[in-house]
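A.B. asks: Coordinates only, no sequence provided:
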Ligand SMILES: Nc1ncnc2c1ncn2[C@@H]1O[C@H](COP(=O)(O)OP(=O)(O)OP(=O)(O)O)[C@@H](O)[C@H]1O
C-alpha cells in the first residue's frame, strides 16, 4: 500500500487546498501493518492524486494509520508535526489548531453573543518560556482543563456530537483562510466569529458533514459561506474557468433568502475567484443558465427553480463538492423534501452542511440517513426563541385584532418602526396593509409569494432604507431573512407551528440586539397554545390569564407523535 509523506521543499503555511505546487512528497510504501518498506522522493506532479479534501479519503482499515484530525486513513504524514494525516484539508486544520493554541493576547471585544463570564484570559493564553501558559500556571483549575476546547464550548454553550470534532476557533485569522477573504470579513465588520461560527467554520473546513442549530440572527449564514468561499478560492481561478462546473450549491426555501445569501456571498467573496449564480423563480432562466455555464463557485437557489433548470438543460453537477441546506427543517419536510432529495441524488457525494434555528428529531434522523459521519453542533437552547426577543402575548379575539394592531401602530409608546407584521394569507397581507395605511396613516406595504420578484425586492429595499415603516408579510419573510434594523415583530396571525413562530419572532433581533415580539393569540390557535405556553414559560415571558385559563380548561391534542398532556399552572 502506498503512503505519501508530506514534506515542503519551500514556502510556509499549511497546505491550503490546491496550492501544492511548491511541495515535494516523499513516497513510501507502507505495509498494511504500518511498517515502512521503502522511501523515495517524488515530485509534486507525480503525486497529483494527493487527497485534497478529507471527504475524498477512505475509511481506515484495522491496523492502518489513522488521521489525527478525522480518523480516516492516515495516508500522509504532516511534515510539520509528524502526525498521520489523510489529506491537505486535515493538515490545514491540524496546523490551524496548533496556530490557534499559540495565538497572542489581544482579543477583539467579545460580541454580545459571548456570555459575560467569558473573559479574554479564558479565550487566549500566553505561552511563557517553559511552554506553560500563564493562566495554566496561575489558575489551572479555574480556566484550563486538559481540554481547553471543551471548556470554551461549555462557556459558549456550544454542544457537539460526532467524531473528531475540530477545536473551536477564536479568530477568523486562525483558520488559514485566504488573505483576501480575511480582509473581506474584516471589511464586513466581523471582528470575531460568533459562537456558531467558531465551531462550524473549522469543522466545515476539514470537510465534515454538519447539522447545525443555533438561534435566529446568530450568524449561521457566514458560517457556511466562509468555508465555501475558502474552498472556491483555493480551487483557483484558472481551473474554475476551464472546468466550468459549479463547485458548490446552497438551497434555501425562499427567493428572499436566496437573494440575501447571494448578497452576503458577494460581499465576502469580493476580489476572489468566486462567482455566484442566483437560481430563483421570477428571474429569467436564460440568464441564470448562462451564468452557470461560465463556471461559478456557488449556485444559490430554491429547489423548485433549480429542478426546473436541471431538467431542461444539461448542467454538469459532478463538480459540486459542498451542498448547503439552509433552513434544513423546512427543506427536508413537507413540500421540499422530494425536490431536495432529487437534487442531492444528482450530486456525487458532496460534503453536506445543514442549518436551522429549529431542528426537530425527525429531521435529525433524515439528515443522518442522507449522509454519514455527521457532526451535530447546537448553540444555546435548541429549538427555543432567541432570548434577546422579548415576547409579549396578548389575548385578542379575532374580530378585535385589527383594532388592536391600529392602536399599537398609533401609539408613540408601543410602535417601534420599522416593524414586521406577520399574517397567515396573501390576501390577508394585502388587505391588512391597505387598512393600516388608510386607518393609521402609517405607510404599510404587503409582501408575499404572489408578488413579482422585482416588486418584492423593491418593497424590501424601501423598508430597509426607512421609506416604509411597516411591512405586512406572510411566511416568505419568516425564515432566515436578515432584516437589519427591525426590532419589532407583530404576530397578527399565529402560524401553524411553534417552529415557524420561533423563526418569525427571530426577525426582531440580530446578533443579540434586543427586540420585541407582540403576539396575538386566541381560541382559534387552540392547537398550538400548549406548546406556546411552554415556550413562553421557558422564556420567562408574561402569560395572559385567558391563555392560562384556556389551557387549563381541557386537554389539547398536540402535534402528531406527541403525547396528549394537560397543563396545570
Ligand atoms: N462575526 C460576525 N460579526 C458581526 N456581525 C456578524 C457576524 N456574523 C454575522 N454577522 C451579521 O449578523 C447578522 C445575522 O446573521 P445571519 O443572518 O447569518 O443570522 P442567522 O443565524 O442565519 O439568522 P436566521 O436564523 O434568522 O437566518 C447579519 O447581519 C450578519 O451580517
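C.D. replies: Yep, that arrived. None of these values were measured; they are calculated from a predicted model.
A.B. asks: quick one: contacts of whatever helix or strand residue 277 lives in?
C.D. replies: With secondary structure defined by DSSP states H and E, residue 277 is part of strand 276-279. With Cβ atoms under 8 Å, 6 or more residues apart in numbering as the test, strand 276-279 has contacts from 246, 258-259, 262, 265-266, 269, 288, 291-292, 296-302, 305-306, 309. C-betas here are computed from N, CA, C, even on glycine.
A.B. asks: Just the buried ones from these, in ChimeraX syntax?
C.D. replies: Applying 16 or more other Cβ atoms under 10 Å to these leaves a buried subset, and the ChimeraX line that selects it is:
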select :246,258,259,262,265,269,288,291,292,296,297,298,299,300,301,302,305,306,309
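A.B. asks: measure residue 343 to the ligand for me?
C.D. replies: Residue 343 is 21 Å from the ligand, where distance means Cβ to the nearest ligand atom, to the nearest Å.
A.B. asks: before we move on, what SS does residue 311 have?
C.D. replies: helix (DSSP: H, G, I helix; E, B strand; the rest coil).
A.B. asks: Residue 295 falls within a helix, correct?
C.D. replies: No. Residue 295 is assigned coil when assessed by three-state DSSP, not a helix.
A.B. asks: What confidence value was assigned to the nearest residue to it once chain neighbours are set aside?
C.D. replies: Nearest residue to residue 295, sequence neighbours excluded (Cβ to Cβ, 6 or more residues apart in numbering): residue 244, at 4.0 Å. pLDDT recorded at residue 244 is 81.
A.B. asks: Tell me how many other residues crowd residue 244.
C.D. replies: Counted by other Cβ atoms under 10 Å, the residues lying close to residue 244 total 13.
A.B. asks: Roughly how far does it sit from the ligand?
C.D. replies: The gap separating residue 244 from the ligand is 30 Å, by Cβ to the nearest ligand atom.
A.B. asks: same thing with residue 401?
C.D. replies: From residue 401 to the ligand the distance is 25 Å (Cβ to the nearest ligand atom).
A.B. asks: Can you give me the buried ones in whichever helix or strand that residue is part of?
C.D. replies: Residue 401 belongs to helix 401-410 when elements are defined using DSSP H and E. Applying a neighbour-count criterion of 16+ other Cβ under 10 Å, the buried positions in helix 401-410 are 401-402, 404-405, 408-409.
A.B. asks: Pull up the residues of this protein that are close to the ligand.
C.D. replies: Counting by Cβ under 6 Å from any ligand atom, the chain comes close to the ligand at 189-190, 193-194, 197, 214, 216-222, 357, 480, 482, 484, 506, 510-511.
A.B. asks: Show the residue spans covered by the helices in the stretch 151-300 of the chain.
C.D. replies: Ranges of helices within the stretch 151-300 of the chain are 179-187, 195-205, 220-235, 237-243, 255-269, 285-293, based on DSSP state H, counting those that start in this stretch.
A.B. asks: for those helices, which one ends up most surrounded?
C.D. replies: Most buried of the helices of the stretch 151-300 of the chain, by mean neighbour count (mean count of other Cβ atoms under 10 Å): helix 195-205, with a mean of 27.
A.B. asks: can you give me how far that one is from the chain middle?
C.D. replies: Here helix 195-205 shows a centroid-to-chain-centroid distance of 9 Å under the convention Cα atoms, centre = their mean, to the nearest Å.
A.B. asks: Residue ranges in the stretch 1-150 of the chain under the pLDDT threshold?
C.D. replies: Along the stretch 1-150 of the chain, segments meeting pLDDT under 70 span 1-48, 96-146.
A.B. asks: One more pass at 80, please.
C.D. replies: Across the stretch 1-150 of the chain, residues meeting the criterion (pLDDT under 80) sit at 1-49, 52-57, 59-63, 69-72, 80-81, 89, 92-147.
A.B. asks: returning to that earlier point: please name whichever of the helices of the stretch 151-300 of the chain is nearest to residue 328.
C.D. replies: Nearest to residue 328, of all the helices of the stretch 151-300 of the chain, is helix 220-235, at 10.6 Å by Cβ to Cβ.
A.B. asks: Report the inter-axis angle for the closest one versus helix 179-187.
C.D. replies: Taking axes from the mean of the first three to the mean of the last three Cα atoms, to 10 degrees, one finds helix 220-235 and helix 179-187 inclined to each other by 160 degrees.
A.B. asks: Number the chain from 37, please
C.D. replies: Happy to do that; since the first residue is 37 now, the last one works out to helix 256-271.
A.B. asks: So which helix or strand of the chain has the lowest pLDDT on average?
C.D. replies: The helix or strand of the chain with the poorest confidence is strand 72-78; it has a mean of 28 (mean pLDDT, DSSP states H and E).
A.B. asks: need the least confident one among the helices of the stretch 187-336 of the chain, by mean pLDDT.
C.D. replies: Per-stretch mean pLDDT for the helices of the stretch 187-336 of the chain is lowest at helix 273-279 (a mean of 70).
A.B. asks: which element follows the least confident helix or strand of the chain toward the C-terminus?
C.D. replies: Heading C-terminal from strand 72-78, the first helix or strand you meet, by DSSP H and E, is strand 112-113.
A.B. asks: Pull up the pairing partners for that next one, direction included.
C.D. replies: Paired with strand 112-113 in the same sheet, following DSSP bridges, are strand 38-44 (parallel), strand 120-121 (antiparallel).
A.B. asks: Put the buried members of the residues of the chain next to the ligand into a ChimeraX selection.
C.D. replies: Buried subset of the residues of the chain next to the ligand, written as a ChimeraX selection, criterion 16+ other Cβ under 10 Å:
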select :226,229,230,233,250,252,253,254,255,256,257,258,393,516,518,542,546,547
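A.B. asks: Does residue 189 touch residue 206 like I think?
C.D. replies: No. When contacts are counted by Cβ atoms under 8 Å, residue 189 is not listed as touching residue 206 (11.9 Å).
A.B. asks: so what's the closest residue in space to residue 221 that isn't next to it in sequence up against?
C.D. replies: In space, and not counting its chain neighbours, residue 221 is closest to residue 208: 5.1 Å by Cβ to Cβ, 6+ apart. When contacts are counted by Cβ under 8 Å, 6+ apart, residue 208 touches 218, 221, 226, 228-229, 237, 262.
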